[in-house]
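Chemist: With the input below, show me the fold.
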Amino acid sequence: MKTRVWLWVLAVILGISLLSILWARRTPSMIAGIYVDGECLRRVDLNRVKAEERFTVETDDGSNTILIQPGRICVEAADCPDQICVMEGWLPEFGFPLVCLPHGLLIQLEEDAP
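Modeler: Next up is the predicted model:
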């Protein structure tokens, strides 16, 4: 009788472990690729970001300050005249890439490469 109970407990634990592994694999990757003039500067896995981070991308035409928070990314500030890249907001919100044409900056969601 005790053996049956332990087998059931073990089966439940294994089942829960398997479900949690499958659920974790189901989470879509949110890799943000940051490009200037077509060259990849950096790729950020937004699912793994734990703390807020800011950095500035300098080009010959100007600069953009990029803000990264858990699960999202945006252009926080720019010295371009129209400020469209700043007004676009957070990247994953609508699924469109963030673009700063005057500086040649592009931030887009990508598939995770093996």
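Chemist: For V36, name its beta-bridge partners.
Modeler: Beta-bridge pairing for V36 (DSSP bridges): E39, L105.
Chemist: Identify, by residue count, the longest helix of this protein.
Modeler: helix 2-26 (DSSP state H).
Chemist: Leaving aside the residues adjacent along the chain, what's closest to the residue positioned nearest the centre of the chain?
Modeler: Nearest to the mean C-alpha position of the chain, counting by C-alpha atoms, centre = their mean, stands L46 at 2.5 Å. Residue nearest to L46 in three dimensions, not counting chain neighbours: M30, with 4.0 Å by C-beta to C-beta, 6 or more residues apart in numbering. Heads up, the C-betas are built off the backbone N, CA and C, glycines and all.
Chemist: thinking again about what came up before, ok, now which ones touch the residue nearest to the centre of the chain?
Modeler: By C-beta atoms under 8 Å, 6 or more residues apart in numbering, the contact list for L46 reads 30-32, 68, 70-73, 92.
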